[in-house]
Every structure is written in C-alpha cells, then in structure tokens.
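1. model the structure of this input:
(chains A and B)
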Amino acid sequence: AQKITQTQPGMFVQEKEAVTLDCTYDTSDPSYGLFWYKQPSSGEMIFLIYQGSYDQQNATEGRYSLNFQKARKSANLVISASQLGDSAMYFCAMREPNTGNQFYFGTGTSLTVIP
Amino acid sequence: GAVVSQHPSRVICKSGTSVKIECRSLDFQATTMFWYRQFPKQSLMLMATSNEGSKATYEQGVEKDKFLINHASLTLSTLTVTSAHPEDSSFYICSASRQGLSNQPQHFGDGTRLSIL
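-> Sure, this is the predicted structure:
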C-alpha cells in the first residue's frame, strides 16, 4: 500500500486565489511527521511546512497552512494568495520514527498559477 | 543558506565514464544520508541509504555495483555511477536530516543532472 497518496497530478489556480493540494497517508505508527516540499523547475527541493502527529493545531508558515485531519489521515496543503512563483511541483512526505530517518514521498502535484 | 551542498550540478559525459557526485552536510553531522533518482515529472525514487562508517543500504532493484556509495565522514557521502550508459541519465539528488526528533525535515542538495551521451 502507498504510504503517501497525492491524487491530483496537476492543478491550476488564478493568481491571488487560494488553492488546496491533497495528501493522504497510511501508517499504523502513532508518532509520525508530515512534510510538504516545493520543487521548482530548477530541481531543488524546498521544505515548506511540517505537521507532527501529536500537534493539536494546524501548522502555518506564512502563506502556507496545513489542513490536518488525523482521523481521515489527510494533510492537505493550502496556499493562500497564490503568486506566479508558486508554480512548481509539490510533494507530500511522511517520516516514521520506526523506519529511522527515511521519508516516504507522494507522486507530487504540479501547480500552475495563471496570471 | 544551503544546509546540504551537492556537486556537481550538471554532468555531461561519454558512455562508459564513471561519474562521482558529492553530498555534504554543512551545518550538522549526518550519520545517514539518502540518495534519490528522479525521472522527469515523477516523484523521487529512493536508491539507497548511506550510513557513515558502514555499508549503504540499497533499495530493491538498485544495482550496488553500478551505484557505489561511500560515506567516509559525518559530513560527506559520495555516489559514483560506474561505467555510465545513456539509461543512467537522470536527476540525482541527495538529502540529510538532523538526528533526533521526527520533526526534522530532510534537507536536500540542489541535485545533479546527469546526461550520458
């Protein structure tokens, strides 16, 4: 079974609008971490935001927020006030302590911001 | 500033050449580093886990003799693509994370675009 599932291969959003990128995960470990990364066309992986499994509140980092629904095992990324520079691939990832430092990545969502 | 440095960023070479890629953690000691391969418009595929002072752990289907990994110090891991062929052309990217709590993200190098002619 896939550890991380991203069901949206591609998304479009109008500049200045908000967009939600979906991510569901699968784990039986009570302790885990969820991460989102941005990968522009240049290739580097940029860490955006983190959510811990025991965190009571949704994580926020500037225009990025994470809609964490633990019972549904979802960790959707919300980008508010989209900018042209937000156009990139976005990857959801999970880290489980029992597997050491290994991260599990989803297949990614390609976001295009339309002017 | 960069936390993980990866060099070179781009390599173009002839078939049969061996290519070495370096991955350095700049701000912390990394007993474990990871090597990924990424095809266009696809996700990162974990190739191997590099362990300082011991043998690397390879994922199923990854040829150990083809992709040699050396983790000689706590800040440096190298991936050598031996006798590279056109099918080895890809984007290779390394990562490392601080030890300890699970809230530590993986920090990635900027990747290496390998083109074998």
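
2. contacts and neighbour counts: CA atoms only from here.
-> OK.

3. what's the neighbour count on residue 44?
-> Going with chain A. Other residues lying near residue A:44 total 16 when counted by other CA atoms under 10 Å in any protein chain shown.

4. hm, I was asking about chain B
-> Going by other CA under 10 Å, the residues that sit close to residue B:44 add up to 21.

5. phi and psi next, for it.
-> phi -80, psi 130 (degrees, to the nearest 10).

6. so the residue nearest the centre of chain B bridges to which residues?
-> For chain B, residue B:35 is the residue whose C-alpha lies nearest the centre (CA atoms, centre = their mean; 3.4 Å). Beta bridges link residue B:35 to residue B:48, residue B:94 when assigned by DSSP bridges.

7. might one say that it is in contact with residue B:49?
-> Yes. The criterion here is CA atoms under 8 Å, and residue B:35 meets it with residue B:49 at 6.5 Å.

8. and the spatially closest residue to residue B:56 that is not a sequence neighbour, what element?
-> Leaving out its chain neighbours, the residue that sits closest to residue B:56 by CA to CA, 6 or more residues apart in numbering or on different chains is residue B:50, at 4.6 Å. Taking DSSP states H and E as the definition, residue B:50 sits inside strand B:44-51.

9. using CSV, write out the CA atom coordinates for that strand.
-> The C-alpha coordinates for strand B:44-51 follow below in CSV (Å, rounded to 0.1, in the frame of the first residue of the first chain):
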residue,chain,number,x,y,z
LEU,B,44,11.7,10.9,-6.0
MET,B,45,12.8,7.3,-6.0
LEU,B,46,14.9,6.3,-3.1
MET,B,47,18.0,4.5,-4.3
ALA,B,48,19.9,3.9,-1.1
THR,B,49,20.6,5.0,2.4
SER,B,50,24.1,6.0,3.0
ASN,B,51,25.4,5.1,6.5
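
10. mind listing residues that contact that strand?
-> If you take CA atoms under 8 Å, 6 or more residues apart in numbering or on different chains as the criterion, strand B:44-51 is touched by A:105, A:107, B:31-38, B:56-59, B:62, B:69-71, B:77.

11. same thing but at 7 Å, please
-> For strand B:44-51, the external contacting residues (CA atoms under 7 Å, 6 or more residues apart in numbering or on different chains) are A:105, B:31-38, B:56-59, B:62, B:69, B:71, B:77.

12. which strands and helices sit next to the helix or strand of chain A with the lowest mean pLDDT?
-> Counting by mean pLDDT, DSSP states H and E, the weakest-scoring helix or strand in chain A turns out to be strand A:103-105, with a mean of 91. Packing partners of strand A:103-105 (3 or more CA pairs under 7 Å, 6 or more residues apart in numbering or on different chains; DSSP states H and E): strand A:88-95.

13. partners of the strand it packs on, with directions?
-> Strand A:88-95 sits in its sheet next to strand A:33-39 (antiparallel), strand A:103-105 (antiparallel), strand A:109-114 (antiparallel), going by DSSP bridges.

14. okay if I get the ones you listed as CSV plus mean neighbour count?
-> As requested, the strands paired with strand A:88-95 are arranged in CSV below (neighbours: other CA atoms under 10 Å in any protein chain shown):
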stretch, mean neighbour count
strand A:33-39, 23
strand A:103-105, 22
strand A:109-114, 20
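
15. of those strands, which is nearest residue A:61?
-> strand A:33-39 (11.2 Å; CA to CA).

16. thanks again, I'm all set now.
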